[in-house]
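Colleague: The following block contains a protein sequence and its predicted model.
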Amino acid sequence: LKDTLELKDLRKRLLQEPLAFFRSLRERLQVDRDTRPEALSRLASASFSLGDVTREIGDAPDAIVAYRESLTILQKLVDSNPAVTEFRSRLATSHDNLASILW
């Protein structure tokens, strides 16, 4: 669907369900206000995934917001857990995705 121009509208409609899921997940995780690294990692992942789906739909401004939220959370995780390479890797990937969409 991604490479077929004629199916662009169908692709956008199909992505609405995961978009709604990631928005809902992010909101639930934000409401919890859990500051454990595991909880923050889940929130960062939800924001990152929301950015990915939003970007696929073609909504660059909302994708930028979601990627920046993911970056903020991941930066906090890296700062407080410098030995956890997974957080550093995900932070780098988030920077890359944000840079790509801003480009």
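Modeller: Looks like it came in fine.
Colleague: Give me the average confidence score over the host helix or strand of residue 95.
Modeller: Using DSSP states H and E, the element containing residue 95 is helix 85-102. Mean pLDDT, helix 85-102: 94.
Colleague: Which secondary structure elements does it sit against?
Modeller: helix 37-57, helix 60-80 (3 or more Cβ pairs under 8 Å, 6 or more residues apart in numbering; DSSP states H and E). For glycine as for every other residue, the C-beta is placed from the backbone atoms N, C-alpha and C.
Colleague: quick one, what contacts the spatially most central residue of the chain?
Modeller: In the chain, the residue lying closest to the centroid (Cα atoms, centre = their mean) is residue 48, at 1.2 Å. Residue 48 is in contact with 66-67, 70, 90, 93-94, 97, counting by Cβ atoms under 8 Å, 6 or more residues apart in numbering.
Colleague: could you dump the residues you listed to a markdown table with neighbour count and distance to residue 39?
Modeller: As requested, the contacts of residue 48 are exported to a markdown table (neighbours: other Cβ atoms under 10 Å; distance: Cβ to Cβ, whole Å):
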| residue | neighbour count | distance to residue 39 |
| --- | --- | --- |
| 66 | 27 | 18 |
| 67 | 27 | 20 |
| 70 | 28 | 14 |
| 90 | 21 | 15 |
| 93 | 14 | 20 |
| 94 | 24 | 18 |
| 97 | 20 | 22 |
